[in-house]
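Colleague: Just to be clear, the model below is a prediction. Sequence and coordinates:
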Amino acid sequence: MKWDEFFVTGEPMIYGAMVSIVVATLAIIIGLTYFKKWGYLWREWLTTVDHKRIGIMYIISALLMLFRGGVDGLLMRAQLAVPENGLLDGQHYNEIFTTHGVIMILFMAMPFVIGLMNVVVPLQIGARDVAFPRLNAVSFWLFFAGAMLFNISFVIGGSPDAGWTAYFPLASIEFSPTVGNNYYSIALQIAGIGTLMTGVNFIATILKMRAPGMTLMRMPMFTWSVLITCVIILFAFPVLTVALALMMFDRMFGSQFFTMANGGMDMLWANLFWVWGHPEVYIVILPAFGIYSEIISTFSRKNLYGYKSMVWSMIVISLLSFVVWAHHFYTMGHGVMVNGIFSITTMAIAIPTGVKIFNWLFTLHKGRIEFTTPMLYSLAFIPIFTIGGVTGVMLAMASADYQYHNTMFLVAHFHYVLIPGTVFAVIAGFYYWFPKLFGFRLNERQGKLAFWTIAISFNVTFLPLFFLGLKGMTRRMYTYSESTGFGPLNLIASIGSVGLAIGFILLVYNIYWSFRYAPRDTTGDPWNARTLEWSTHSPVPEYNFAVVPKVNGLDPFWEAKKGGPALYEDKIEEIHMPNNSGQPVILGIIFFFFGFFMVFSWWVPAIVAGIGVLVMLAVRSFERDHGRHIPVKEILETESRLRGEQV
């Protein structure tokens, strides 16, 4: 490969990205060296198996990817702001909307959700960690390796350019001869393996590690949503892994699974992708429903209305999510019967979703509502998500979809579903559970300022796209003439996108400000919450609970506060905790290089890296790491220190 083919050149923005990467990397290295933090970073973070710290690393990664994907979104809106704009050429625009979709869904929404899962689920069920702590660390580092591998594509080799769905034949070697879609197939496989491990780990954790007395129908709603989500992961992600492997074989080894010759079929890719892709929507939506359930209940000062119906509606959604995938290609030649069946199943999934909306509204009814920052995001979610749902039912009509298909109407619809349904939720959950991690609350005034900026700017950005779609503007159109009349609405949307960027900057500034200036006076329960995780200290000690709680009802913490059965009856005893390990991060590094060498078909170093993976697994199989024991004296000292900090 020639040098100018290895490094992407020719555009000032690419050069600027290269310089910024080098400068940021040098700044981090110099800073860690100057403050002598390399040892601390390795001991406390890179090698950690603590579910809380792994959750924090997921969330930090998600915030970074939010801004990485957000820059792509801003560039798209800048390109479309005015007619016949020459800011980006067609090829660069293709790469940007491809990476924007992949990063926002797989490398922002997914890790943010999984980060909150890691932080909260063991605390909600009264466990001291997940079932397999080291596997949890491996899951994170495989995700991170896949994310970094995907992100270096825009400066080394070229980004994927066939859309985030990577439809064939656009993604074939014939129409995409660069290595961009090699990055797509391999990076997503590596990250997907990590996600699949997470699904297995949390199913085992929830089913086998609940506190005494916590039956399935006493679990908090967020834990229920995570359990159902992990079951979807278990069935959906193997389909994606197989599809990506077949894509890799087509592009790198000359097979013809998705070609139009020699028995191949390009629609096979579309079916495999969406058999995973539509359940993936609910993988990031269902935990959000759990987050909203916790927050709305807490700040309405009421029990969640219709607990059992909420659980069953999520189960029904998870089942229906696997039988709606063909609605993504109504216009691609299916017969009336197939289109009709998938139209019915797609509309049917709105019923259990509507059940949840009404349950939240009934929870709010006659409640003593407190308008905190998490509650504002939760309240804004209901009307905005309803707009997304109603337009989804419009798109579910196969005959009408011939008008809506591949227009900006569709773009507006899925942003009206995914941003309030996932992004608002993870931000709300981040504010809500932040004290459990750090012992203080984020600044409420700044949080509300960021909320209103984001909520208003979101609607200014995406509401005009509904009308642009009805006027006939197709998605993925990188330029348009003035005669189309698309200019004014596109300009409004682009102005709104700038407001969204400002809102997310305010969010990050709030984190920075609060770490420096927020008062450290948080009690164990700063929100007067109901669920078990608030019964321990803020911040949570390494072992979570000095004594494993005993659950006697649906809201055990609330009942204990009101004079009900005590949560803790046993005496403090020695606690067993797992040791930190450097193997997961080393395995992630090896997988990164293995993927990188595979992208460029450098077989010898790829084989060496593959052998390295096998060696790491073999070394682990011979280990006899029995963890470590925290003596009673150390536990008592920690408990006293935490109580003293909160007085």
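Modeller: In hand now; what should we look at? Residues are numbered from 1 along each chain as shown.

Colleague: Going by C-alpha atoms from here, please, whenever you check contacts or count neighbours.
Modeller: OK.

Colleague: Let me know the distance separating residue 95 from residue 239.
Modeller: Separation of residue 95 from residue 239 (Cα to Cα, to the nearest Å): 25 Å.

Colleague: in this structure, what secondary structure element scores lowest on mean pLDDT?
Modeller: helix 3-6 (a mean of 58; mean pLDDT, DSSP states H and E).

Colleague: how about the helices in the stretch 51-200 of the chain?
Modeller: Using DSSP state H, counting those that start in this stretch, the helices of the stretch 51-200 of the chain run over 51-80, 90-102, 110-125, 133-151, 180-208.

Colleague: can I see the domain layout of the chain?
Modeller: 1-36, 37-646 (automatic domain parsing).

Colleague: ok, which stretches of this protein are strands?
Modeller: 575-577, 628-630 (DSSP state E).

Colleague: Flag whichever of the domains of the chain has the least confidence on average.
Modeller: Ranked by mean pLDDT, the domains of the chain bottom out at domain 1-36, which scores a mean of 75.

Colleague: before we move on, the earlier item: now, of the strands of the chain, which is deepest in the fold?
Modeller: The highest average neighbour count among the strands of the chain, using mean count of other Cα atoms under 10 Å, belongs to strand 575-577 at a mean of 16.

Colleague: hmm, who's touching that one?
Modeller: Contacts to strand 575-577, defined as Cα atoms under 8 Å, 6 or more residues apart in numbering, come from residues 543, 627, 628, 629, 630, 631, 632.

Colleague: If we ignore the residues flanking it in sequence, what's nearest the second one?
Modeller: Right, residue 627. Excluding the flanking residues, the one nearest residue 627 by Cα to Cα, 6 or more residues apart in numbering is residue 578, at 4.2 Å.

Colleague: Correct me if wrong: the one you found contacts residue 49.
Modeller: Yes - the criterion here is Cα atoms under 8 Å, and residue 578 meets it with residue 49 at 7.4 Å.

Colleague: Just want to know which of the two has more residues nearby.
Modeller: With neighbours defined as other Cα atoms under 10 Å, residue 578 and residue 49 compare such that residue 49 has more, 26 against 17.

Colleague: what comes up buried for the longest helix belonging to the chain?
Modeller: For the chain, the helix with the greatest residue count under DSSP state H is helix 266-300. By 16 or more other Cα atoms under 10 Å, the buried positions in helix 266-300 come out as 266-267, 269-300.

Colleague: do you know how far the nearest residue to residue 89 once chain neighbours are set aside is from residue 169?
Modeller: Once flanking residues are discounted, residue 89 sits nearest to residue 478: 7.8 Å by Cα to Cα, 6+ apart. Residue 478 sits 20 Å away from residue 169, going by Cα to Cα.

Colleague: repeat for residue 455
Modeller: Residue 455 is 38 Å from residue 169, by Cα to Cα.

Colleague: neighbours of residue 263, just the number please.
Modeller: Neighbour tally, residue 263, other Cα under 10 Å: 9.

Colleague: how close does it get to residue 256?
Modeller: Using Cα to Cα, residue 263 is found at 8 Å from residue 256.

Colleague: now swap in residue 517 and tell me
Modeller: To residue 256, residue 517 is 60 Å away according to Cα to Cα.

Colleague: More neighbours: which of the two?
Modeller: Taking neighbours as other Cα under 10 Å, residue 517 and residue 256 compare with residue 256 leading, 19 against 10.

Colleague: contacting residues for the more buried one?
Modeller: Residues in contact with residue 256 (Cα under 8 Å, 6+ apart) are 250, 262, 263, 264.

Colleague: so can I have JSON lines of the residues you listed showing distance to residue 557?
Modeller: JSON lines is the format used below for the contacts of residue 256 (distance: Cα to Cα, whole Å):
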{"residue": "250", "distance to residue 557": "55"}
{"residue": "262", "distance to residue 557": "64"}
{"residue": "263", "distance to residue 557": "61"}
{"residue": "264", "distance to residue 557": "58"}
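
Colleague: The residue nearest to residue 89 touches residue 90, doesn't it?
Modeller: Yes - applying Cα under 8 Å, one finds residue 478 in contact with residue 90, separated by 6.2 Å.

Colleague: Which of those two has more residues huddled nearby?
Modeller: More crowded of residue 478 and residue 90, by other Cα under 10 Å: residue 478, with 22 against 14.

Colleague: what sits against the more buried one?
Modeller: With Cα under 8 Å, 6+ apart, residue 478 has these contacts: 79, 80, 89, 90, 93.

Colleague: what do residue 578 and residue 49 both touch?
Modeller: residue 133.

Colleague: got the contact list for residue 426?
Modeller: 112, 113, 116, 288, 291.

Colleague: Distance of the first one relative to residue 427?
Modeller: The reference is to residue 112. 9 Å.

Colleague: So these two - more neighbours on which side?
Modeller: Comparing residue 112 with residue 427 by other Cα under 10 Å, the one with more neighbours is residue 112, at 31 against 18.

Colleague: Much appreciated, bye for now.
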